[in-house]
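[1] Got a sequence here, can you model it:
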Amino acid sequence: MSTTESPQTAAAPASPTSQATKETLEDYTLRFAPRSYRRWTPMVVSTTALGGIAYMADFSIGAGIGLAHGTGNALVAIAVAAVVIFVTGFPLAYYGARYNIDLDLVTRGSGFGYYGSVITSVIFASFTFIFFALEGSIMAQGLEVGLGLPLWLGYLVSTLMVIPLVIYGMKALSKLQVWTTPIWLLLMVGPLVYLIASDPGTVDRFLAYAGTDGEGGVNTAAVLLGAGVCLSLIAQIGEQIDYLRFMPPKTEANKRAWWTAVVMAGPGWVVLGALKQAIGVFLAVYILAEVGPGAAPEPIQQFKGAFDAMMPSWLVVPLAVILVVISQIKINVTNAYSGSLAWTNSFTRVTKRYPGRMVFVLFNLAVALVLMEADMFSFLNDILGFYSNCAIAWVVTVATDIGINKYVLKLSPRAPEFRRGMLYAVNPVGVVAFVAASGLSIALYFHLFGDTLQPYSPVAAAVIAFVLTPLMAIVTKGRYYLRRTDDGISEPLLDAEGNPSATTFDCHVCHQSFERPDLTACLVHDAVVCSLCLSTDKVGDHVLPAQTPAG
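    Residues are numbered from 1 along each chain as shown. Got it, this is the predicted structure:
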């Protein structure tokens, strides 16, 4: 696929701003993704986005819940979490694909403000290195079984091998994901089909498994505890949107393919995720007697046991290792890529400096490596259970602002806004709802309100965020969404079909051409300035003044 980029004006000096601008044009870090770059079809974007769902963590998560609480509780917990993730992910995916911006840019204009969303960027960045560490640990387990590498060396290998792949952004990632997905699907689904077909009794044993507590049956506390772990994956929608922002414009001719791709690769990722979690329970129960409860949650052991039932022994370990390695590469290039975007976004807004995305690729990988060496895999469910409270509060707040405040109450502007100067620094609508929801749910999680309420922490995070977001919009009368309603450019922001305008203008600071949604008028010049130059303007020379004062 070709990329169309405007050349830098020859006479312009090589300033730090222009260098940063040129670097961001590879994947449009921190900014709107222009139509000239988005040459992929909806199906290619969808396949690329779904390629990141190849991660093995789902098998471990499902196995951990199933072994602790039994199959019945695990399956209900997985289903409950999947419904919540799908419902909350839909409006976020739509906005990312329709307006071609990532989740941080969506968050800014959906209740948090220009600086208020920094906290959610840090939460999302944390999600990426937690799951990078988890997947890296799983790969290291595979390398230990297959090649005899010590775990510490496997952690290092799994970290370093993704660096060359993640440097080149969307163009390289799309090729990797499209070509590896069929192999991954065959290796994952084949053993499961064979086991069920050759020994139907495995299904009965799976359904009858009561868990380590031995009680059996379905109970609310166990379901909610399990769902809380699964809901830690709710922030995965951010990684899906990092791909969906490159969707082509939605038109009358492509609307069916467009909607199919957005639903499948947006909230639809959780359908495959839930199936993998259920398969993880099945395989853990299948190998439990042979490897014991300590090793049963490890995907390498699960697939080694499954392959062993259907093929010669000399093929078992190599195929299991190949599956684990392919899965780890597919997801961890996405984790490293999305994490670098989130860290760069936060750092640039706070410091008004753009250090380059590669700095934060290396930072994210370094943190993930430390977590792996600290053996985070052994206390996986505790980490995910705690983290899920923050992730749920954030995603539900943004989804509620889009669904309720924008479309029902009409207090939040329909079109998302992300540019400095157009937004207030902090919008109390999202920030108050998020802080209250995450704070109270974390208090519940750590038993501060008693043991009985502890399993309800994810429910509390979702309910508080859902209630407070519209309530705060009503209380503030929507005054803190837009600092300005006019960006000083007469050209409409959207075209006749509601897509972001493709009309280009030259930024007078970096001398690059950008499409209409990425620019505002300049305060001191009769010209326009792009969103990144606004972000890195240390003294605010180019930032438009407030137009709609609060109060």
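[2] Just the buried positions in stretch 194-202, please.
    Judged by neighbour count (16 or more other Cβ atoms under 10 Å), stretch 194-202 contains these buried residues: 195, 202. Every C-beta, even on glycine, is put in place using the N, C-alpha and C of the backbone.
[3] Please look at Glu144 and Gly154 and confirm they touch.
    Yes. Using Cβ atoms under 8 Å as the test, Glu144 is close enough to Gly154 to be in contact (5.8 Å).
[4] which of these two has more neighbours?
    Just comparing Glu144 and Gly154: by other Cβ atoms under 10 Å the higher neighbour count belongs to Gly154, 23 against 16.
[5] Now do the more buried one against Tyr407, distance only.
    The span separating Gly154 from Tyr407 equals 48 Å under the rule Cβ to Cβ, to the nearest Å.
[6] Can you report phi and psi for Phe418?
    Backbone geometry at Phe418, expressed as degrees, to the nearest 10, gives phi -140, psi -10.
[7] Pretty sure it sits against Phe112.
    No. With the criterion set as Cβ under 8 Å, Phe418 and Phe112 do not qualify as a contacting pair; they are 10.6 Å apart.
[8] In terms of neighbours, single out the busier of these two.
    Using other Cβ under 10 Å as the criterion, Phe418 and Phe112 rank with Phe112 on top: 31 against 25.
[9] you'd agree that one is up against Gly430?
    Yes. Between Phe112 and Gly430 there is a contact at 4.0 Å, judged by Cβ under 8 Å.
[10] Overlap of the contact sets of these two?
    Shared contacts of Phe112 and Gly430, defined by Cβ atoms under 8 Å, 6 or more residues apart in numbering, comprise Val398.
[11] for this structure, what spans make up the strands?
    Under the criterion DSSP state E, strands of the chain are mapped to 504-506, 513-515, 519-521, 528-530.
[12] Let me know which of these is tucked in deepest.
    Sort those by mean neighbour count, taking mean count of other Cβ atoms under 10 Å, and strand 528-530 sits at the top with a mean of 27.
[13] Show me the contact partners of it.
    Applying Cβ under 8 Å, 6+ apart, the contact partners of strand 528-530 are 21, 31, 488-489, 505-510, 512, 514, 518-522, 537, 542.
[14] chain center to it, what's the gap?
    Averaging C-alpha coordinates over strand 528-530 and over its chain gives two centres that are 29 Å apart (Cα atoms, centre = their mean, to the nearest Å).
[15] and if you look at stretch 240-257?
    Averaging C-alpha coordinates over stretch 240-257 and over its chain gives two centres that are 18 Å apart (Cα atoms, centre = their mean).
[16] With stretch 395-402 instead?
    Here stretch 395-402 is found 15 Å from its chain centre; the criterion is Cα atoms, centre = their mean.
[17] which one is Leu315 nearest to, not counting chain neighbours?
    Excluding the flanking residues, the one nearest Leu315 by Cβ to Cβ, 6 or more residues apart in numbering is Phe307, at 7.1 Å.
[18] Count the residues that sit near that neighbour.
    22.
[19] try the one 10 residues further on
    Applying the criterion other Cβ under 10 Å, we find 18 residues in the vicinity of Val317.
[20] what about the helices in the stretch 451-551 of the chain?
    Counting by DSSP state H, counting those that start in this stretch, the stretch 451-551 of the chain forms helices over residues 457-476, 531-535, given from the N-terminal end onward.
[21] which residues sit against the last one?
    If you take Cβ under 8 Å, 6+ apart as the criterion, helix 531-535 is touched by 17, 20-21, 24, 30-32, 348-349, 352, 354, 418-421, 507, 509-510, 518-520, 542-543.
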